[in-house]
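Colleague: next one to model:
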Amino acid sequence: MPHAASRTPNSGNVVEGTQPLRGWQRRAMVKYLASGPRDFLAVATPGSGKTTFALRVAAELLSHRTVDQISVVVPTEHLKVQWTQAAQAHGIALDPKFSNSDPQTSPEYHGVMVTYAQVASHPTLHRVRTEQRRTLVIFDEIHHGGDAKTWGDAIREAFGDATRRLALTGTPFRSDDSPIPFVSYEPGSDGVLRSRADHTYGYAEALADGVVRPVVFLAYSGQARWRDSAGAEHEARLGEPLSVEQTARAWRTTLDPGGEWMPAVIAAADQRLRRLRTHVPDAAGMIIASDHTAARAYARLLTTITSETPTVVLSDDRGSSARITEFAEGTGRWLVAVRMVSEGVDVPRLSVGIYATSASTALFFAQAIGRFVRSRRPGETASIFVPSVPKLLQLATELEAQRDHVLSPPDRESSDDPLGADPAARRQTEPSDADKGFTSLGADAELDQVIFDGSSFGTATPAGSDEEADYLGIPGLLDAEQMRALLHRRQDEQLRKRAHTQQGTEQPATLAAAPGTSESVHGQIRDLRRELNSLVSVAHHRTGQPHGWIHNELRRRCGGPPTAAASREQLKARIDAARQLNSERP
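Modeller: Numbers count the residues shown, from 1 in each chain. Alright, predicted model coming up:
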């Protein structure tokens with residue numbers, strides 16, 4: 001700890017090289033130190049080490065006396081503690097208890113930890129601190145500067161005079177009409193302004209480097225039944241083409257803790273976790289709930305199904321931060337959370353997730369999945385259980401996509417959100433006073449498909465079946481190629497078993513199959529997906545391009561949604577395009 005003899009902490013005590021930097025961190029450091037910018041935006045995928053990069057920059061600037069103090073701005077109170085602990089490894093002392101009401105801090109500290117909300121409540125206080133001494137401001141998850149206009153205005157006022165500003169984000173920027181402070185924007189060919197990062201390190205690069213885990217999505221559909229406020233009963237299969245209202249109601253029904261769908265999915269996820277723990281003994285799972293009531297109900301279900309009481313973390317409970325830390329350092333199996341375990345919160349042993357919330361924005365989805373991707377050892381994978389909702393399937397398929405912050409024109413939001421631009425439509429999955437008449441009548445659960453690296457595998461099978469168990473029993477230590485090969489093999493075995501059961505009385509769907517034939521729509525889609533995946537595998541071996549890249553190229557050529565949500569006609573068009581691609585010279 002630096003001594004207190006001087007008002008400026010002794011920068012000689014800052015440790016600059018406590019651990020080797022990863023390749024992307026070294027490249028970003030070289031770029032930063034060579035240019036010495038006042039503002040720098042680093043976009044790096046969750047789990048890749050943004051905190052370490054920022055602290056190494058801070059250590060350099062302190063040791064060379066470019067700055068005298070640091071202010072780190074974070075989204076949540078828990079992250080204050082997490083950053084403080086990480087900074088200690090670099091010899092940097094940060095005060096996590098700094099408050100607006102008592103803005104005094106020991107001269108032994110190199111800087112302070114604050115939240116965006118804290119700055120917004122008293123921006124003048126933070127402006128005065130910044131003006132008094134040369135300050136480096138680190139914005140963790142800078143996109144929060146665009147979450148609410150008051151937050152953006154506040155950080156602009158508080159830190160407009162900072163000597164250096166380092167902005168970090170690990171999640172897709174959302175479309176908005178308000179620029180984020182201290183972020184540069186450039187017009188694209190379409191005239192739309194997009195953010196410009198000074199250094200970018202995406203999920204695909206991190207996956208290739210072994211920095212993050214491969215993610216397998218297990219999408220569960222089911223026949224949902226509900227009663228509306230007028231007393232009329234409705235039924236729809238989650239995952240099939242439905243109206244906005246039907247999708248919202250079916251989705252909400254599946255997430256009902258009192259129904260059949262959630263217990264079945266929890267049991268499947270726990271079976272997957274048990275399998276992972278045979279290879280990784282401390283592997284853990286987390287349910288991401290929509291609200292506190294649901295979180296507590298899911299916790300009761302977990303206790304009944306697993307015979308183990310989970311850790312429950314709610315945003316307004318005292319001690320939530322301590323419970324997260326205790327869980328991260330322990331060996332307990334399950335955690336249930338609403339908002340506390342969100343972006344930046346580090347629980348590296350999380351390996352299984354249940355996405356039990358109706359949030360469908362790319363930003364929230366990426367934040368949630370980011371909690372499971374941090375790699376600790378070669379071969380670890382993450383398994384995420386999701387409702388078979390088109391928007392979620394699209395986000396799962398496009399996990400590797402890069403997104404800049406777009407200052408969107410009107411109507412942009414409607415093209416990004418299949419639940420519609422109307423906020424009321426998006427709220428239909430959430431309970432409200434105006435919707436007290438809605439009654440969930442239950443939903444069965446079936447494993448609809450498995451999504452990995454842009455490809456969809458398998459066909460619908462009931463929860464609790466042997467076919468589901470084949471997918472849940474995939475070994476816990478596999479690299480991406482091994483995972484892909486095993487999923488192909490599981491799918492082939494599944495289809496062979498069904499063909500044997502049918503004793504040859506039903507022919508598999510072909511490209512000529514059409515609506516009205518004896519083959520079910522789901523069977524046709526299943527076989528078309530299988531044929532497309534096979535052609536994509538051929539293209540992969542011919543060109544060396546990743547499977548996900550090839551799927552995206554076929555989408556670019558043919559249009560339409562990801563494979564997981566594509567119609568028969570769209571799949572047929574991509575099969576034709578894949579054949580053409582395979583006939584081209586590499």
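
Colleague: ranges for the strands of the stretch 151-300 of the chain?
Modeller: 164-169, 175-176, 184-187, 193-196, 199-201, 215-227, 233-238, 284-289 (DSSP state E, counting those that start in this stretch).

Colleague: quick one: Arg484 from Arg133, how far?
Modeller: Arg484 is 53 Å from Arg133, where distance means C-beta to C-beta, to the nearest Å. Every C-beta, even on glycine, is put in place using the N, C-alpha and C of the backbone.

Colleague: you'd agree Ile70 is in a strand?
Modeller: Yes. Applying DSSP: H, G, I helix; E, B strand; the rest coil, one finds Ile70 inside a strand.

Colleague: list the contacts of it.
Modeller: Under the criterion of C-beta atoms under 8 Å, 6 or more residues apart in numbering, the neighbours of Ile70 are Ala58, Leu62, Ile92, Leu94, His110, Gly111, Val112, Thr135, Leu136, Val137, Ile138.

Colleague: pLDDT wise, what is the second one at?
Modeller: Spelled out, that is Leu62. The per-residue pLDDT reported for Leu62 equals 96.

Colleague: and the closest residue to Arg530 other than its chain neighbours, what element?
Modeller: Excluding the flanking residues, the one nearest Arg530 by C-beta to C-beta, 6 or more residues apart in numbering is Gln491, at 6.5 Å. Taking DSSP states H and E as the criterion, Gln491 maps to helix 480-502.

Colleague: buried set for that helix?
Modeller: Ala480, Met483, Arg484, Leu486, Leu487, His488, Arg490, Gln491, Gln494, Leu495, Arg498 (16 or more other C-beta atoms under 10 Å).

Colleague: before we move on, the earlier item: ranking the strands of the stretch 151-300 of the chain by burial, who's on top?
Modeller: strand 284-289 (a mean of 26; mean count of other C-beta atoms under 10 Å).

Colleague: now find how far off-centre that strand is within its chain.
Modeller: 13 Å (C-alpha atoms, centre = their mean, to the nearest Å).

Colleague: packing partners of that strand?
Modeller: helix 261-277, helix 292-306, strand 334-337, strand 350-356 (3 or more C-beta pairs under 8 Å, 6 or more residues apart in numbering; DSSP states H and E).

Colleague: return the member of the contacts of Ile70 nearest to Gly152.
Modeller: For the contacts of Ile70, the closest approach to Gly152 (C-beta to C-beta) belongs to Val137, at 14.2 Å.

Colleague: make sure the closest one is indeed in a strand.
Modeller: Yes. Val137: assigned to a strand according to three-state DSSP.

Colleague: is it true that it touches Phe159?
Modeller: Yes. Between Val137 and Phe159 there is a contact under C-beta atoms under 8 Å: 4.6 Å.

Colleague: okay, the two: which has more neighbours?
Modeller: Legend: neighbour count by other C-beta atoms under 10 Å for Val137 and Phe159, higher for Val137 (26 against 22).

Colleague: quickly list what that one is bridged to.
Modeller: Legend: beta-bridge partners of Val137 under DSSP bridges are Ser71, Arg165.

Colleague: give me the pLDDT for it.
Modeller: 98.

Colleague: mind splitting the chain into its structural domains?
Modeller: Residue ranges for the domains of the chain, per automatic domain parsing: 11-207, 213-400+423-466, 506-583.

Colleague: so which of those domains gets nearest Gly473?
Modeller: Using C-beta to C-beta, the nearest of these to Gly473 is domain 213-400+423-466, at 5.5 Å.

Colleague: measure the closest one end to end?
Modeller: 27 Å (C-alpha to C-alpha, to the nearest Å).

Colleague: what is the burial count for Thr293?
Modeller: What Thr293 shows, counting by other C-beta under 10 Å, is a neighbour count of 12.

Colleague: nope, Thr563 is what I meant
Modeller: Counted with other C-beta under 10 Å, Thr563 comes out at 26.

Colleague: I'd assumed Gly454 was in contact with it.
Modeller: Yes. Using C-beta under 8 Å, Thr563 makes contact with Gly454 at a distance of 7.1 Å.

Colleague: overlap in contacts of these two?
Modeller: Joint contacts of Thr563 and Gly454 (C-beta under 8 Å, 6+ apart) are Thr397, His551.

Colleague: helix, strand or coil for Met113?
Modeller: strand.

Colleague: kindly provide the distance from it to Ala87.
Modeller: Counting by C-beta to C-beta, the gap from Met113 to Ala87 is 9 Å.

Colleague: which neighbours do those two share?
Modeller: With C-beta under 8 Å, 6+ apart as the test, Met113 and Ala87 both reach Leu94.

Colleague: pLDDT and distance to Leu273 added to the buried residues of helix 480-502, as JSON lines?
Modeller: JSON lines is the format used below for the buried residues of helix 480-502 (pLDDT from 0 to 100; distance: C-beta to C-beta, whole Å):
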{"residue": "Ala480", "pLDDT": "78", "distance to Leu273": "21"}
{"residue": "Met483", "pLDDT": "86", "distance to Leu273": "17"}
{"residue": "Arg484", "pLDDT": "83", "distance to Leu273": "22"}
{"residue": "Leu486", "pLDDT": "88", "distance to Leu273": "18"}
{"residue": "Leu487", "pLDDT": "87", "distance to Leu273": "19"}
{"residue": "His488", "pLDDT": "82", "distance to Leu273": "24"}
{"residue": "Arg490", "pLDDT": "83", "distance to Leu273": "19"}
{"residue": "Gln491", "pLDDT": "79", "distance to Leu273": "23"}
{"residue": "Gln494", "pLDDT": "75", "distance to Leu273": "22"}
{"residue": "Leu495", "pLDDT": "72", "distance to Leu273": "27"}
{"residue": "Arg498", "pLDDT": "66", "distance to Leu273": "28"}
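
Colleague: tell me the one among those residues nearest to Arg374.
Modeller: The closest of the buried residues of helix 480-502, once distances to Arg374 are taken by C-beta to C-beta, is Ala480, at 16.2 Å.

Colleague: that closest one against Asp209, yeah?
Modeller: No. In this structure, Ala480 is not within contact of Asp209 by C-beta under 8 Å, at 12.0 Å.
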